[in-house]
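1. model the structure of this input:
(chains A and B)
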Amino acid sequence: MGVKMGKKVTSTRRFHEMIYRELENIVGPRDITDKKVDKIVYSVDYFWIPEMLIDRGCNPPMADYIVHPETSEEVSRIIQLANTYKIPLTVWGGGSGSQGGALPVDGGIIVDIKKLDRVLEIDEKSLIVTAQSGIIAQDLEWKLNERGYTMGHLPASMYCATMAGFLAHRGSGVLSTKYGKIEDMIIKMEVVLPTGEIIRTAPVPRHAAGPDLSQLFIGSEGTLGIITEATFKIHPIPEERRFRAFVFENLHSAYEAGRKIMTRRLRPCTIRLYDEVETRRYVKRVIGVEKEGAYMVFGFDGDKEMVDLEEKAAIKICQDEGGEDLGKKGGEHWWEHKYDFFFPPYMFWIPQMYGTMDTVATYDKMEKIFKELKKVIEKTYPQAYIIAHFSHWYEWGCMGYIRFIIDDPPQDPQEARKLHDAIWDTGINTILANGGMVNEHHGIGIKLARFMKKQYGPAFTVMEKIKRALDPNDIMNPKKLGFGS
Amino acid sequence: MLIEKYRKTIEACRFCPMCKVVCTVGNITKNEANYPRGRVLTLFTILKGMMKFDEDVVERIYQCAICGLCKDWCISDYDIPELIMAARADIVNSGKTPPGVLEIYENIKKAGNSHIMINDDEAISAVLDKEMRKTGKRAKILYFIGDTVFSHPEVAEATIKILNYAGIDFTILPNENKGIELLYQLGFRREAEGLAKENAEVIKKARCEVIITSDADEYLAFKRDYPRLGANLNSNIKIMHTTEYINLLLRENKLSFSKEINKSVTYHDPSSLGRHLGFYEAPREVIKAIPGIRFKEMRWNKDKARCCGASGGLLFTNPEIAAKAAENVIDEAIEIGAEIITTASPLCKQSLIKHEEKLQRNSVEVYDITELIEKTM
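-> Okay, here's the model as predicted:
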């Protein structure tokens, strides 16, 4: 059963000028555009499909208007207007999402929130920061660093993604193993609901006053409202942060070392383990480590004495698993170049077809998920190859960042799309069949929308009911997160 | 199209958002089409025939400071500034120059400068008559004033005073101060080439050995664009920015200071000198040599210095965006407690001093480095 909220939205064509003026009255003439030069740029995020369409000379679906509100009140008025005319509304942050979450697939209004970019308060007593949600993560981190603090949220996309984007997609960074994913960092937030009300969640996340409303909106991908302000935990910049690299004969022994570090309840800030193929193809190319096997880097931070102690224990575990110690230098080098993997020419790009099937599972399942996925994809699609790393480790399991790559995909856009979607079907079904999650930290968007019901089973009706209650006109980010698909 | 030459950059950057956080214009308008990814994606659609250089596309292509921060931020140095300049040349060559840009060109053609000031020689003569001992003579050192003398005669005046104070035998080109860099950056390559060649001829006749200029953009032009445009100067001629020459005078003890400046001073790196030419140290050494000065770096400095909106023609084509960029630099200077912002480009000074009220409110002054030195003489 799909969500039957689909009252037909207003065609903006007949009323285009009128709606434009009304939006202009809300945000001002400088903060609205309906020019094609802008709309085409907003029709492509970091999802392979719109990139491929543009590459092949086809236009992805475009918005009718793009607005840049500067206050929560403006956001609220835009949403109210969208409800009046029943126009689809899609939120845009940094546009770096890989799942198509920010794409205006049904046209309508794009609400670009990057002008909501102020740091409102750094509370040094409680170690929390409050900021508007459209701030680019690196800008927030710089502001904190000036005062001696860090968010501890350091994904490669921090140069371009907004805090709202991370919240909307349950993002995570390279130090998540210690500092947590974004959902672990949140204290409270302000949200503009799909009917325009501006609400605030509870002032602290640990309480016994009913369900945690912040967590309802985290991961909702703009389908349940627009997060306009958020308060996060911050941390003093640690006295010591140290990395160390090992190379193991095979993925299994490295995986076991990682698992033992975590189940021993050591507290590394990162563990990043590359499979043999990624070690050979990319670790060598990007950071120059010329070793066969599985490369693993881990790090500890905090007071020096604690780091000494924990690092010593982790080294022992790695040695016991047969790892070759590449020393501090091998680890520090990775830290210095950790984002290089995501710059051209190191990042995958068209003409290649690629996709990241980041999944998460308990330790007893993750190795099998990876093996099965690799086997099935490479067997079913001989033109594809799989690389992987494992980079967000929890007390109970870890994330597999498993990517397929095809160097020479079909040029015909329909054929390319068909192949792309078929690989995703095969991949996600394999992941789900083996106990993994449909996604770990990129979100669902439009790419994975069709798998949500399979992931959740009857539990998905809970989400559908919430969606229907909060967004009766079904205007918020249509077709995303499995709603209305 | 010239942009075809940059296909590798286009294919690398059309979908890449990794430099978003540093883009001067994008972080002011917040419009995705104003970030490097957006600009390059747009140019890709032009190459692909999906879009044309229509009025809106052209507007976006001129909304770039060509400051080079994106290139510098990128670990692979993809050269978006060069791509944007090529796109602008394509726009001009295809007759799609927007009226505002055409007006700048007409002003240059009519008045010899971009500052909408009539080149009746009076403005420049006022400075020269006051400060020059002799004009039109032959000397080893040629001071190329550049066309910013029309908007900032005080910089030329300070420079000439310093040269006179140090007893330097120099000459100028009283009637030939045509700058080419703005034309080049706006896409008027043929016109830039013509002027550069004219300038090169006149310079050749002057038979100088050293050219010094206080115009950072023309320094960039001499270093980067004259050779590209086939306007060849004698290869023995040494091109020096004023600060470089002053630094040399200081090192050789040919210039000394008689007064102190007891102020906290920061330096704003012009993109033309800094990122485009890697010219960072001479201005700093000169400032630090001034007695009494407490030199403070802004957090964003040298290759990562924020652009004040003066470059890429932005000051003329999109003054509101340029003003916000300048304000960002001023805010940074205020944050570190600077009482004086110095720079080494008259255009940067022009951009910064537009915020007169804010500067006054925060007791911050803006000077070209030459003016600062003038105060110590």
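2. next, count neighbours for residue A:90.
-> Residue A:90: 28 surrounding residues under other CB atoms under 10 Å in any protein chain shown. Where you see a C-beta, it was placed from the backbone N, CA and C, and this is true even at glycine.
3. now it. Nearest residue, chain neighbours left out?
-> residue A:104 (4.6 Å; CB to CB, 6 or more residues apart in numbering or on different chains).
4. then residue A:140?
-> residue A:131 (5.6 Å).
5. check contacts around the residue of the stretch 351-485 of chain A found nearest chain B.
-> Closest contact between the stretch 351-485 of chain A and chain B, by CB to the nearest CB, is at residue A:351 (9.1 Å). Counting by CB atoms under 8 Å, 6 or more residues apart in numbering or on different chains, residue A:351 touches A:55, A:407-409.
6. pLDDT score assigned to it?
-> You'll see residue A:351 listed with a pLDDT of 93.
7. same check, this time on residue A:255
-> With respect to pLDDT, residue A:255 has a value of 98.
8. so for the one helix or strand it maps to, what gets flagged as buried?
-> Under the criterion of DSSP states H and E, residue A:255 resides in helix A:251-263. Buried residues in helix A:251-263, counted by 16 or more other CB atoms under 10 Å in any protein chain shown: A:251, A:253-262.
9. make CSV out of those residues and add distance to residue A:307.
-> As requested, the buried residues of helix A:251-263 are exported to CSV (distance: CB to CB, whole Å):
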residue, distance to residue A:307
A:251, 27
A:253, 25
A:254, 22
A:255, 24
A:256, 23
A:257, 18
A:258, 18
A:259, 21
A:260, 19
A:261, 14
A:262, 17
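10. closest to residue A:373 out of those?
-> Using CB to CB, residue A:251 comes nearest to residue A:373 of those, at 13.1 Å.
11. excluding its backbone neighbours, what's nearest residue A:122?
-> residue A:129 (5.0 Å).
12. would you point out the helix or strand in the chain whose mean pLDDT is lowest?
-> Using chain A. Across the helices and strands of chain A, mean confidence by mean pLDDT, DSSP states H and E is lowest for helix A:284-287: a mean of 78.
13. actually it's chain B I care about, not the one you picked
-> helix B:122-131 (a mean of 56).
14. beyond that one, next helix or strand please.
-> Reading on from helix B:122-131 to the C-terminus, the next helix or strand found by DSSP H and E is strand B:141-144.
15. isn't residue A:386 up against residue A:400?
-> No. Applying CB atoms under 8 Å as the test, residue A:386 and residue A:400 come out as separate, 10.5 Å apart.
16. have a look at those two and say which one is more surrounded.
-> Neighbour tally, residue A:386 and residue A:400, criterion other CB under 10 Å: the higher count belongs to residue A:400, 28 against 21.
17. so who does the more buried one touch?
-> Taking CB under 8 Å, 6+ apart, we find residue A:400 in contact with A:357-361, A:366, A:369-370, A:388-390, A:436, A:440.
18. and what of residue B:100?
-> B:62, B:316-317.
19. with pLDDT, distance to residue A:199 and secondary structure added, can I get these in a markdown table?
-> Below are the contacts of residue B:100 laid out as a markdown table (pLDDT from 0 to 100; distance: CB to CB, whole Å; DSSP: H, G, I helix; E, B strand; the rest coil):
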| residue | pLDDT | distance to residue A:199 | secondary structure |
| --- | --- | --- | --- |
| B:62 | 98 | 42 | helix |
| B:316 | 93 | 46 | helix |
| B:317 | 95 | 43 | helix |
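20. which one of the residues you listed sits closest to residue A:394?
-> Using CB to CB, residue B:62 is the member of these that sits closest to residue A:394, with 49.9 Å.
21. now the helix holding residue A:255, how far from the chain's geometric center?
-> From the chain centre to the centre of helix A:251-263 is a distance of 25 Å (CA atoms, centre = their mean, to the nearest Å).
22. do stretch B:100-109 as well
-> What separates the centre of stretch B:100-109 from the centre of its chain is 18 Å, taken as CA atoms, centre = their mean.
23. got the residues of the stretch 151-300 of chain A near chain B?
-> Residues of the stretch 151-300 of chain A lying near chain B by CB under 8 Å from any CB of the partner chain: A:157-160.
24. residue 237: how many residues sit nearby?
-> Let's take chain A. Neighbourhood size, residue A:237 [other CB under 10 Å]: 14.
25. um, chain B though
-> Neighbours of residue B:237 under the rule other CB under 10 Å: 17.
26. quick one: it and residue A:436, what's the gap?
-> 68 Å (CB to CB, to the nearest Å).
27. swap in residue A:130?
-> Distance of residue A:130 to residue A:436, computed by CB to CB: 35 Å.
28. which one's more surrounded, the two?
-> Between residue A:130 and residue A:436, residue A:436 has the larger neighbour count (other CB under 10 Å), namely 29 against 18.
29. just checking, residue A:204 touches residue A:187?
-> Yes. Judged on CB under 8 Å, residue A:204 makes contact with residue A:187 at a distance of 6.3 Å.
30. more neighbours, these two?
-> The residue with more neighbours, out of residue A:204 and residue A:187, is residue A:187; 20 against 13, by other CB under 10 Å.
31. skipping adjacent residues, who's closest to that one in space?
-> In space, and not counting its chain neighbours, residue A:187 is closest to residue A:231: 4.1 Å by CB to CB, 6+ apart.
32. tally of neighbours for that neighbour?
-> Using other CB under 10 Å, residue A:231 has 25 neighbouring residues.
33. also residue A:381?
-> 18.
34. any weak-confidence spans in the chain?
-> If you meant another chain, say so; for now it's chain A. Within chain A, the stretches with pLDDT under 70 are A:1-12, A:485.
35. you looked at the wrong chain, it should be chain B
-> Residues of chain B meeting the criterion pLDDT under 70: B:112-138, B:174-176.
36. switch to 50 and redo it
-> B:118-120, B:133-135 (pLDDT under 50).
37. enumerate the residues of it near chain A.
-> Along chain B, the residues adjacent to chain A under the rule CB under 8 Å from any CB are B:11-22, B:29-33, B:37-38, B:41-42, B:44-45, B:48-51, B:54, B:56-57, B:59-60, B:73-76, B:78, B:299.
38. so where does residue 220 fall, helix or strand?
-> The chain I'm using is chain A. Per DSSP H and E, there is no helix or strand for residue A:220.
39. um, chain B though
-> Using DSSP H and E, residue B:220 sits within helix B:216-220.
40. which of the contacts of residue B:100 ranks first by neighbour count?
-> In terms of neighbour count, residue B:62 stands highest of the contacts of residue B:100 at 23 neighbours, by other CB under 10 Å.
41. for the closest residue to it other than its chain neighbours, give me its contacts.
-> Nearest non-adjacent residue to residue B:62, counting by CB to CB, 6+ apart: residue B:317, 4.8 Å away. Residues in contact with residue B:317 (CB under 8 Å, 6+ apart) are B:62-63, B:98, B:100-101, B:104, B:186.
42. residue 98: neighbour count?
-> With no chain named, the answer covers chain A. Neighbours of residue A:98 (other CB under 10 Å): 19.
43. oops, wrong one, chain B.
-> 15.
44. please determine how far it is located from chain A.
-> From residue B:98 over to chain A the distance is 13 Å, taken as CB to the nearest CB, to the nearest Å.
45. which ones are touching the nearest residue to that residue once chain neighbours are set aside?
-> Spatially, and ignoring its direct neighbours in sequence, residue B:98 is nearest to residue B:58 (5.2 Å; CB to CB, 6+ apart). Applying CB under 8 Å, 6+ apart, we find residue B:58 in contact with B:91, B:96-98.
46. which of these ranks first by neighbour count?
-> Going by other CB under 10 Å, residue B:91 tops the contacts of residue B:58 with 24 neighbours.
47. since that was my last question, I'll sign off now.
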